[in-house]
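Chemist: For reference, the sequence and a predicted model appear below.
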Number of protein chains: 2
Amino acid sequence: MNRSRLEPLGVPSSEYGFGSAAEPSVRGQPAGLDRWLKKQITERLGDSSPVRVALWDEKPDAQEGRVTVQFTDRRALLQLLANPELHFGDLYSAGRIHVHGDLLMLLGQAYAYAERHGKLPGWLERGRRLAPDLSESRRNIHHHYDIGNDFYRLWLDREALQYTCAYFADPDMTIEQAQQAKMHHVCRKLRLKPGEKVVEAGGGWGGFALFMAKHYGAHVRSFNISKEQIAYAREWAGRETLTGSVEFVEDDYRNAASTGAGAYDVFVSIGMLEHVGPGNYPALGKLIDSLLKPEGRGLIHSIGRDRAERLNPWIDKRIFPGAYPPTLREMMDIFEPNHLSVLDVENIRLHYAETLRAWLARYEENVDTVRSMFDETFVRAWRLYLAGSIMAFVRGKLQLFQVLFARSRVNAIPWTRADIYGEDAPGRSSFE
Amino acid sequence: MNRSRLEPLGVPSSEYGFGSAAEPSVRGQPAGLDRWLKKQITERLGDSSPVRVALWDEKPDAQEGRVTVQFTDRRALLQLLANPELHFGDLYSAGRIHVHGDLLMLLGQAYAYAERHGKLPGWLERGRRLAPDLSESRRNIHHHYDIGNDFYRLWLDREALQYTCAYFADPDMTIEQAQQAKMHHVCRKLRLKPGEKVVEAGGGWGGFALFMAKHYGAHVRSFNISKEQIAYAREWAGRETLTGSVEFVEDDYRNAASTGAGAYDVFVSIGMLEHVGPGNYPALGKLIDSLLKPEGRGLIHSIGRDRAERLNPWIDKRIFPGAYPPTLREMMDIFEPNHLSVLDVENIRLHYAETLRAWLARYEENVDTVRSMFDETFVRAWRLYLAGSIMAFVRGKLQLFQVLFARSRVNAIPWTRADIYGEDAPGRSSFE
């Protein structure tokens, strides 16, 4: 247990909120209306808030522990008041809102505000019954994952390109070590053995499939609909001479059934469920049931929630269209109708906060390269997304569930979990 | 992992199904109707079944690996055909059905039959929204737990009188060791520290409350509505000179709020949720929320299901009136509405099969004493209940969930689970 890395939040190394983003649409001396609009915001924040609001002609509050949100024009003020959940992201990305001070602190204050005052309009809603079909899924995945492999390589771990929550078995691990530890942790939970057949749904750049083949002697068939990722994964498998053990299939996981009913010892999915949509969970469970051998088992690793909520509308619009982090209750639609038994659930949400911190730090180290690849609006949007995600995990708005399961009738299940934490487990020594 | 203790099922040491139970109501030479009724049963079983059916004038099949169900009268045949789920238990208890051979094997065959042929009538039903009020709960609990402390002491573990699933950290543990290991396992999951305040809902004979005080230095307030159990627990606390650390309250857990809002570091409940009723789960969660300090946490240990089903009607009628083992989905009604976050779920159902085997073996060792305390019908009913429960866990019809939780907003949560399995964990050495 190491809470000191999370609380209090450190001030990020770079100065957030500055940049040469798109020019605001309107400017000039603030008028009475602008002052009145500002007052609407400051009154909501209250006097004790460390958050200050500044109009375009005002100086930010440079005092330690303060953060100033500065507007560049009246329309930005109006838009934020109209729908903060949606518009803050766009205004920040466009450089029409500047944040002077610690962006993470500001986001933490926003979460605290939402908790105190009930939820902001449109924030809390009973989970949407999202059920994207194959072509919707293709569009959604393309939007996010086909931005360019070179971009993700700038800030993800350098060894396995894992764009999912790492496992800091030892809190002092680097992101590279923690991603290796995550993959070991999953394989150990699955009790993966040499020669076993694994089907992976949503394999990213192939890092985990190759890891299972290399370190556990598994035969892996990995499905992914991101063209860019599949191309990368295949090239990587060739370099590692693992093409005999790992097959990367450019297809939707829903088509995996055609590769053989009852053919697999293990089903595994790391960070794909967020894109499946709750309406598709019963079908996913049915697919798992059809893919697994009688004594097969599986693990689903996914961002989740303690309570059903729709995704933040800005994230949904700009970053992850169609994504939805489910509650455990919603996830039960995968297991219950399909005679699957939940053996083990672990919630490692604080590890995702830590993972995102590592990513954000590396992102800032390479921010000039990102800017040259895209533009300042992109730079700021992704900064906000990464920083906002840190705070969502720190404040408990998002969870990270690893769910291990087998068929209800199977007794070839682990007797205890002690073997996961055996002598040679990653990071084990630091807990003794 | 040790499956060999569970499969194949060993033949129990005593000869089941014999006894001097109540005389059947009708007898005489079987007639054509009796043969026809028997055929209805044997045809359902099929030729390959190891189960044989015998009428009162027929000899049981003594062949190894066979089990014979013998009826003593026509009404027994009719009753079984009409509603096997309900009447088998009563007929067996009354000695109007004799089982020659392995009772466990027969029950295993019954489960397999139910799985193959869809469910038996009345077996599968969407979970009832049970919500017993305080007086119903008192009646229900009195029915089962106030049978007599001396009776339970005949066959439960001798050290802590735990009438809940043990944890065989090392598969060779005795039931005494495994119950100690269970209590350590729960305390370790809770990261229980000296001086912490614990509220326990449903404390049985007080064994776990006293264990937490003795081994972890906790201050425990334990609620129970079983008069007999509370009297025993208080006497025990006195003997152990732990009356300063443990208070046994003869009251419903629902009244715990009056002992102080936000007063407790830990909420714990081992084997009580089965009696709460799903309709009361949101209120239970609200109570937990009100009892815990801001950084409090809790653990609920309960029998559960992979899919919602009502309890077997015979068990509901004769053994556990009003009981209901919930699915994880149903349990979420405790956590979701009350801002509680699930951190860890462990399913140890095979440990309950092992626990029940140990209880049944000891029950049979002391069966003459049980008979002298009650009568043969009681002896047979409890034998069937224990044996049937073994098979329910072995066949995956019942699960055992331990659910660890904290508030969604709290970051003082365990970083990993490795510490649960540290060097000094019970049974740790056997896994290395």
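Modeler: Right, received. Where do you want to start?
Chemist: name the helices or strands packed onto the worst-scoring helix or strand of chain A on mean pLDDT?
Modeler: None of the helices or strands of chain A scores lower by mean pLDDT, DSSP states H and E than helix A:134-145, at a mean of 86. Using 3 or more CB pairs under 8 Å, 6 or more residues apart in numbering or on different chains; DSSP states H and E, the elements in contact with helix A:134-145 are helix A:227-239. Bear in mind the C-beta positions are built from the backbone N, C-alpha and C, glycine included.
Chemist: Residues touching the helix or strand following the helix it packs on, excluding its own?
Modeler: Downstream of helix A:227-239, the first helix or strand assigned by DSSP states H and E is strand A:246-250. Applying CB atoms under 8 Å, 6 or more residues apart in numbering or on different chains, the contact partners of strand A:246-250 are A:203, A:206, A:209-210, A:212-213, A:219-225, A:227, A:230, A:233-234, A:237, A:256, A:259.
Chemist: Which parts of the stretch 201-350 of chain A are strands?
Modeler: A:219-224, A:246-250, A:264-270, A:292-304, A:340-347 (DSSP state E, counting those that start in this stretch).
Chemist: quick one: the first one to helix A:227-239, angle?
Modeler: Think strand A:219-224. 160 degrees (axes from the mean of the first three to the mean of the last three CA atoms, to 10 degrees).
Chemist: circling back: A:Pro84: which of the strands of the stretch 201-350 of chain A is closest?
Modeler: With CB to CB, the closest approach to A:Pro84 among the strands of the stretch 201-350 of chain A belongs to strand A:292-304: 22.5 Å.
Chemist: The closest one near chain B anywhere?
Modeler: No - using CB under 8 Å from any CB of the partner chain, strand A:292-304 never reaches chain B; the gap is at least 9.3 Å.
Chemist: Which positions in that strand come out as buried?
Modeler: A:Leu292, A:Lys293, A:Gly296, A:Arg297, A:Gly298, A:Leu299, A:Ile300, A:His301, A:Ser302, A:Ile303, A:Gly304 (16 or more other CB atoms under 10 Å in any protein chain shown).
Chemist: can you check stretch A:101-112 too?
Modeler: A:Gly101, A:Asp102, A:Leu103, A:Leu104, A:Met105, A:Leu106, A:Leu107, A:Gly108, A:Gln109, A:Ala110, A:Tyr111.
Chemist: pLDDT weak spots in chain A?
Modeler: A:1-27, A:118-129, A:423-432 (pLDDT under 70).
Chemist: what domains does the record give for it?
Modeler: Segmentation of chain A into domains, based on automatic domain parsing, reads A:1-124, A:134-431.
Chemist: which of those is buried the deepest?
Modeler: Mean neighbour count (mean count of other CB atoms under 10 Å in any protein chain shown) peaks for domain A:134-431 among the domains of chain A, with a mean of 20.
Chemist: nearest residue to whichever residue of the stretch 201-350 of chain A sits closest to chain B other than its sequence neighbours?
Modeler: Of the stretch 201-350 of chain A, the residue with the smallest distance to chain B, taken as CB to the nearest CB, is A:Val345 at 3.8 Å. Nearest residue to A:Val345, sequence neighbours excluded (CB to CB, 6 or more residues apart in numbering or on different chains): B:Val345, at 3.8 Å.
Chemist: list the contacts for that neighbour?
Modeler: Applying CB under 8 Å, 6+ apart, we find B:Val345 in contact with A:Val342, A:Asp344, A:Val345, B:Leu328, B:Phe401, B:Gln402, B:Val403, B:Leu404.
Chemist: what do you get if the cut-off is 10 Å, keeping everything else the same?
Modeler: A:328, A:342-347, A:401, A:403-404, B:300, B:304, B:328, B:331, B:401-405 (CB atoms under 10 Å, 6 or more residues apart in numbering or on different chains).
Chemist: that older thread, distance to B:Glu336 added to the domains of chain A, as JSON lines?
Modeler: Listed next are these as JSON lines, based on distance: least, CB to CB, whole Å:
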{"stretch": "domain A:1-124", "distance to B:Glu336": "12"}
{"stretch": "domain A:134-431", "distance to B:Glu336": "5"}
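Chemist: that older thread, take the strands of the stretch 201-350 of chain A and lay them out in a markdown table including distance to B:Glu85.
Modeler: Listed next are the strands of the stretch 201-350 of chain A as a markdown table, based on distance: least, CB to CB, whole Å:
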| stretch | distance to B:Glu85 |
| --- | --- |
| strand A:219-224 | 43 |
| strand A:246-250 | 47 |
| strand A:264-270 | 34 |
| strand A:292-304 | 27 |
| strand A:340-347 | 22 |
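Chemist: Minimum distance to B:Asp61: which of these has it?
Modeler: Here strand A:292-304 is closest among the strands of the stretch 201-350 of chain A (CB to CB), at 30.4 Å.
Chemist: The closest one: how far from the chain's middle?
Modeler: 20 Å (CA atoms, centre = their mean, to the nearest Å).
Chemist: now swap in stretch A:59-77 and tell me
Modeler: That offset, for stretch A:59-77, works out to 28 Å (CA atoms, centre = their mean).
Chemist: Name the nearest residue to A:Thr416, sequence neighbours excluded.
Modeler: Nearest one to A:Thr416, counting by CB to CB, 6+ apart, is B:Ala169 at 6.1 Å.
Chemist: Does the one you found touch B:Met183 like I think?
Modeler: No - B:Ala169 is beyond contact range of B:Met183, at 11.4 Å (criterion: CB atoms under 10 Å).
Chemist: Assign A:Leu404 to helix, strand or coil.
Modeler: strand (DSSP: H, G, I helix; E, B strand; the rest coil).
Chemist: ok, it - contacts?
Modeler: A:186, A:189-191, A:297-301, A:341-346, A:413-414, A:417, A:420, B:345-347.
Chemist: let's see it at 7 Å
Modeler: A:Leu404 makes contact with A:Lys189, A:Leu299, A:Leu343, A:Asp344, according to CB atoms under 7 Å, 6 or more residues apart in numbering or on different chains.
Chemist: Could you check how far it is from A:Asp419?
Modeler: 13 Å (CB to CB, to the nearest Å).
Chemist: what does the stretch 101-250 of chain A have sitting close to chain B?
Modeler: A:Ala169, A:Pro171 (CB under 7 Å from any CB of the partner chain).
Chemist: Any idea what the nearest residue to A:Phe401 once chain neighbours are set aside is bridged to?
Modeler: Ranked by CB to CB, 6+ apart and with sequence neighbours excluded, the top spatial neighbour of A:Phe401 is A:Gly304, at 4.5 Å. For A:Gly304, the beta-bridge partners are A:Gln399 (DSSP bridges).
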